[in-house]
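Enquirer: how would this look folded up:
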Amino acid sequence: MTTETGTLRDEPFRPEIVASEVAFRAGVPWLDELLGGLDANRSLLATLLSSSLPDVGYRPPAATYLAWLDCRSLALGDDPAAVLLERGRVAFSPGPAFGAPGKGFVRLNFATSPAILTEAVERFARVVTSSS
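Expert: The predicted structure follows:
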């Protein structure tokens, strides 16, 4: 095996090695920006829910971009995601898909733009308002 300036010439090209190296060298600013955006959306969701849907239970997650929203007080049944999709044209992950403890809950992925997150909560609120 011969080498040329520290690289192996007879080895196959391994793009995953190059990608890993680039990620370690240049990925920190990207990751910092991503985490900052997720933290901002986590806070935005709390603000939107407290102002538009105060009866929805929400505990901001510490280490994920998935929020569990407790909709049991809204009388939307065991699968509020189905009701919200049908009446509000907004999609959430159905809580019951994650087992019996998920009944009455929806799961929201807040790793999106603030505009889309705001629109989702507004549509959710319109469904609840029109149901009361």
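Enquirer: going forward, measure contacts and count neighbours with C-alpha atoms only.
Expert: Noted.
Enquirer: show me the strands in the chain, by range?
Expert: 3-4, 7-8, 57-58, 66-70, 93-94, 105-109 (DSSP state E).
Enquirer: low-confidence ranges, this structure, go.
Expert: 1-11, 132 (pLDDT under 70).
Enquirer: can you do 90?
Expert: Scanning the chain for pLDDT under 90 picks out 1-31, 62-63, 131-132.
Enquirer: state which helix of it is the longest.
Expert: helix 15-52 (DSSP state H).
Enquirer: quick check: angle from that one to strand 105-109?
Expert: Following axes from the mean of the first three to the mean of the last three CA atoms, to 10 degrees, one obtains 130 degrees for the angle between helix 15-52 and strand 105-109.
Enquirer: is the spatially most central residue of the chain in a bridge, and if so with what?
Expert: In the chain, the C-alpha nearest the mean C-alpha coordinate belongs to residue 109, at 2.2 Å (CA atoms, centre = their mean). Bridge pairing for residue 109 (DSSP bridges) gives the partners residue 66.
Enquirer: if I pick residue 52, what's in contact with it?
Expert: By CA atoms under 8 Å, 6 or more residues apart in numbering, the contact set of residue 52 is 121, 122, 125.
Enquirer: go again using 7 Å as the cut-off
Expert: For residue 52, the contact set (CA atoms under 7 Å, 6 or more residues apart in numbering) comprises residue 125.
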